[in-house]
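Chemist: the amino acid sequence is not available; the structure is as follows:
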C-alpha cells in the first residue's frame, strides 16, 4: 500500500528556516512565516523535511487513497519558493492575475522572492484555499 511521505512532524520550523543557505531566501521564509501565521491563525508545523504547513485536513479520494495534508504552506526551495494552496480551486486563477511575478504547477505557485508579489493577494489566496478545503473536507468532531 502507498505510504504518504509528507507527514506532519515535530521538526523545528525555525531551525529549518535557519538552515536555508541563501540569506534573501531565509529572510523571505521569515516574512512568509509571519504572513501565513497571521492570516491562518494556525501554528506553523513541519510537513516532511521541507514544507512549512498551517492547519490540516483529512482527505479521501474515490480510489480509496486517503491521508492528511496542510491546508496551506510554503517551502523555501533552492530554485524558487513554493507556495502550497488547494488543488482544484478554480477561483485561484482570478486572484493570481493580480499576484505579481509567479509561475504555477498543479498544486503549487512558485515565486522567486516576496518582493515580486502582492502580499494582500497572497493573504486572499491563503484565505480562499482554507475556505475551499474546509468546505470540501469538513472536519467531523
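Modeler: Thanks, I have it. Note that the structure is a prediction, hence the values are computed from the model and not measured.

Chemist: so the closest residue to residue 107 other than its chain neighbours is in which element?
Modeler: Among residues not flanking residue 107 along the chain, residue 87 sits closest, at 4.6 Å (C-beta to C-beta, 6 or more residues apart in numbering). C-beta here means a position set from N, CA and C on the backbone, and glycine is covered the same way. When elements are assigned from DSSP states H and E, residue 87 belongs to no helix and no strand.

Chemist: next up, phi/psi of residue 87, please.
Modeler: Main-chain dihedrals, residue 87, degrees, to the nearest 10: phi -80, psi 130.

Chemist: distance-wise, check it relative to residue 10.
Modeler: 26 Å (C-beta to C-beta, to the nearest Å).

Chemist: these two: which is more packed in?
Modeler: residue 87 (16 against 6; other C-beta atoms under 10 Å).

Chemist: quick check: residue 83 is in a strand.
Modeler: Yes. Under DSSP: H, G, I helix; E, B strand; the rest coil, residue 83 sits within a strand.

Chemist: so in terms of bridging, what pairs with it?
Modeler: Here residue 83 sits in beta bridges with residue 74, residue 109, as judged by DSSP bridges.

Chemist: that one touches residue 108, doesn't it?
Modeler: Yes. Using C-beta atoms under 8 Å, residue 83 is in contact with residue 108, at 6.4 Å.

Chemist: neighbour-wise, which of the two wins?
Modeler: residue 83 (24 against 20).
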